[in-house]
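Trainee: coordinates only, sequence not included:
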């Protein structure tokens, strides 16, 4: 992801730390740039999906890290047929990316997270369903490391936003035969999401210095 340094001013928005405790696996973060023509529009955006230790226990090296949300991304390695799958710490990513004035970060929350207990669902059934979700996500993680994961990262160096579509199909948020890419998911399936929130790195003070 093209993270840049070089800004000396903070931007308006909600600090990540203020909402970090409410961020859930399978929520979406969008990293992009402000449009010169429409201040509300984001261009050159890259959509990512949130993951954490509840889904991928191997992410956590100590108990202190259990509250840290991660971003799951895939891309094709340069000069290789293999897919590189990485889970990056969200706070570090936001801090680096948001330093560039033209960059903008959006947080988009799922309205009904698949990890929540459904109305009328027994506890035993809920536990089994959660374990199935974890198993499926780990299998998808392994698939994205294979030569052909069936997603958009078939082009060298291409960041794979379409991992979101695959995850949402695993979770039955999208039907298996849905013909859609990640770029359109927020508009075509708007009912799945709450309104976007602009996220900033820590201690934003308009016009203040780092």
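Mentor: All right, it came through fine. Quick caveat, the model's predicted, so the values are computed rather than measured.

Trainee: how near is residue 120 to residue 192?
Mentor: 21 Å (C-beta to C-beta, to the nearest Å). (C-beta placed from N, C-alpha, C; glycine too.)

Trainee: so residue 126: helix, strand or coil?
Mentor: Classification of residue 126 by DSSP: H, G, I helix; E, B strand; the rest coil places it in helix.

Trainee: ok, it - contacts?
Mentor: 117-118 (C-beta atoms under 8 Å, 6 or more residues apart in numbering).

Trainee: roughly how far apart are it and residue 115?
Mentor: Distance from residue 126 to residue 115, by C-beta to C-beta: 9 Å.

Trainee: for residue 190, same thing?
Mentor: When distance is defined by C-beta to C-beta, residue 190 is 21 Å away from residue 115.

Trainee: okay, those two: which has more neighbours?
Mentor: residue 115 (17 against 9; other C-beta atoms under 10 Å).

Trainee: helices along this protein, start to end?
Mentor: 16-19, 90-97, 123-143, 163-170, 182-188 (DSSP state H).

Trainee: contacts for the fourth one next, please.
Mentor: Meaning helix 163-170. By C-beta under 8 Å, 6+ apart, helix 163-170 touches 26, 28, 47-49, 72-74, 133, 136-137, 140, 144, 150-151, 174-176, 178, 180-182, 185.

Trainee: looking at those, which are in strands?
Mentor: In this view, those that belong to strands under DSSP state E are 28, 47-49, 72-74.

Trainee: make a ChimeraX selection of the buried ones in the residues you listed.
Mentor: Only the buried entries of these go into this ChimeraX selection, using 16 or more other C-beta atoms under 10 Å:
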select :28,47,48,49,72,73,74
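
Trainee: pLDDT and distance to residue 22 added to the ones in strands among the contacts of helix 163-170, as TSV?
Mentor: TSV is the format used below for the ones in strands among the contacts of helix 163-170 (pLDDT from 0 to 100; distance: C-beta to C-beta, whole Å):
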residue	pLDDT	distance to residue 22
28	94	14
47	86	19
48	88	17
49	92	16
72	88	19
73	79	22
74	70	26
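
Trainee: and which of the ones in strands among the contacts of helix 163-170 is nearest residue 37?
Mentor: Comparing the ones in strands among the contacts of helix 163-170 against residue 37 with C-beta to C-beta places residue 47 closest, at 21.0 Å.

Trainee: any idea how far the nearest residue to the closest one once chain neighbours are set aside lies from residue 184?
Mentor: Closest residue to residue 47 apart from its sequence neighbours, by C-beta to C-beta, 6 or more residues apart in numbering: residue 161 at 4.3 Å. As defined by C-beta to C-beta, residue 161 lies at a distance of 11 Å from residue 184.

Trainee: who's more crowded, these two?
Mentor: Neighbours per residue (other C-beta under 10 Å) separate residue 161 from residue 184, with residue 161 holding more: 23 against 11.

Trainee: leaving out sequence neighbours, find the closest residue to residue 191.
Mentor: residue 111 (7.6 Å).
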